[in-house]
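>>> From the sequence below, what's the structure:
(one chain, ligands or ions: 2)
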Amino acid sequence: MTLMETTPQNVAPDQSPAPAPAGTAPVIVTEGLTVGYKLHRERKRLTALRDISLSVNRGEFVVLVGPSGCGKTTYINAISGLVDPWEGTIEVNGRQVTGPGPDRAMVFQDYALMPWRTVESNIRMPFEFQNLQVSKDEIDERVRRYIELVDLTGFEKSYPYELSGGMKQRVGIARALVSEPDILLADEPFAAIDAMTREAMQSELERFVAKTHQTVIFITHSIDEAITLADRVVVISFRPGQIKEIVDVNLPRPRFDYDVKMLPEYVELRDHIWRLVKDEALQSARGEKR
Ligand SMILES: Nc1ncnc2c1ncn2[C@@H]1O[C@H](COP(=O)(O)OP(=O)(O)OP(=O)(O)O)[C@@H](O)[C@H]1O
Ligand SMILES: [Mg+2]
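Ligands and ions are numbered 1, 2, ... in the order given. Take a look at the predicted model:
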């Protein structure tokens, strides 16, 4: 079974307006978004992101890249409703975000699995905590299907401490996809996965979102992963993170059906994004610009 064979049915119709057709309307709109944290021990405030204005269309695949600590996780946490903005607005499907909702699913950077729950029980969680209109039989079928999809069949009854890092990450991916959300917010979802499996999962994800028209915001430190997956790559500057440049990636899809990395346009894009990221990464390493 592959991701292509799954049939998404979007969630709870009363939670958000009917999604617009792919590519025609903005689904996620952030305007002048500034987000930070109160550092209680040091009695100061840290601005993580400053003045981010970005509009993401339905079915679009947007990838965020930038140095460690530039606010990428903070950005998708704000969209998912886990962190409140200091300034600016966030709208999803035309509604102001006031908290988490079943239209948005997260793959967390640190997996965020419940250690006392088995693989199967972790993946089942969205159905317990969100008001999804899905029958018990359909839930059982989807849980089985998504466990198979991330290649964890046989590990249903295992606990997180019995899994490798890559396996835990795959549980997190299955848990985000199982509710078949309108919007997928994925925080370095393939970072702990070995190179071969990672490429296979990138390819499956590309096919999956092409079929489902899910809107995706995806974070990675890999420029190759960014270019092979993205419609647009958003390069974020070092803290406080601001949009340094938005790079359109107009390479033909599906990109895993041919050797996209051999195209001269790919090589140019890679070089361009690498130069953008390098300056910021150097500043990050030196701890400048606080
Ligand atoms: N809960 C928190 N409380 C206080 N500061 C935080 C919190 N979460 C993040 N920060 C700070 O906000 C800044 C941005 O963090 P964030 O996790 O968004 O960065 P990132 O771009 O995702 O980095 P990485 O690539 O390392 O994952 C960092 O300086 C971090 O220390
Ligand atoms: Mg992060």
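>>> What is the lengthiest helix in the chain packed up against?
Counting residues, the longest helix found in the chain (DSSP state H) is helix 264-286. For helix 264-286, the elements it packs on are helix 223-229, strand 232-236, strand 243-248, judged by 3 or more CB pairs under 8 Å, 6 or more residues apart in numbering; DSSP states H and E. Just so you know, the C-beta spots here come from the backbone N, C-alpha and C atoms, and that holds for glycine as well.
>>> can these go into TSV with extra columns for mean pLDDT and distance to Ile147?
Shown next, in TSV, are the helices and strands packed on helix 264-286 (pLDDT from 0 to 100; distance: least, CB to CB, whole Å):
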stretch	mean pLDDT	distance to Ile147
helix 223-229	97	23
strand 232-236	98	31
strand 243-248	97	36
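>>> Now render these as TSV, adding distance to ligand 1 and mean neighbour count.
Output for the helices and strands packed on helix 264-286, formatted as TSV (distance: least, CB to the nearest ligand atom, whole Å; neighbours: other CB atoms under 10 Å):
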stretch	distance to ligand 1	mean neighbour count
helix 223-229	13	22
strand 232-236	7	23
strand 243-248	13	14
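>>> Ok, which of those comes nearest Phe155?
helix 223-229 (25.3 Å; CB to CB).
>>> Helices of the chain, residue ranges please.
72-80, 119-123, 125-129, 136-149, 165-177, 195-212, 223-229, 264-286.
>>> what comes into contact with the first one?
With CB atoms under 8 Å, 6 or more residues apart in numbering as the test, helix 72-80 has contacts from 28, 30, 33, 35, 48-49, 52, 64-66, 83-85, 90, 92, 97, 100, 104, 106, 109, 183, 185, 187, 217, 219, 236, 241.
>>> Now, of these, which are buried?
28, 30, 33, 35, 48-49, 52, 64-66, 83, 85, 90, 92, 97, 104, 106, 109, 183, 185, 187, 217, 219, 236, 241 (16 or more other CB atoms under 10 Å).
>>> What about these, which are in strands?
Counted as lying in strands by DSSP state E, out of the buried ones among the contacts of helix 72-80, are 28, 30, 33, 35, 48-49, 52, 64-65, 90, 92, 104, 106, 183, 185, 187, 217, 219, 236.
>>> these two touch, right, Thr215 and Val56?
Yes: when contacts are counted by CB atoms under 8 Å, Thr215 is listed as touching Val56 (6.0 Å).
>>> Quickly list what's touching both of these two.
Common neighbours of Thr215 and Val56 (CB under 8 Å, 6+ apart) are 27-28.
>>> Turn the helices of the chain into CSV, including distance to Tyr258.
Shown next, in CSV, are these (distance: least, CB to CB, whole Å):
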stretch, distance to Tyr258
helix 72-80, 29
helix 119-123, 33
helix 125-129, 35
helix 136-149, 24
helix 165-177, 25
helix 195-212, 12
helix 223-229, 11
helix 264-286, 11
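>>> And these: which comes nearest Glu60?
Of these, nearest to Glu60 by CB to CB is helix 195-212, at 9.4 Å.
>>> re earlier: for ligand 2, find the nearest of the helices of the chain.
In terms of CB to the ion, the element of the helices of the chain nearest to ligand 2 is helix 72-80, at 3.2 Å.
>>> do that closest one and ligand 2 meet at all?
Yes: using CB under 5 Å from the ion, helix 72-80 reaches ligand 2 at Thr73.
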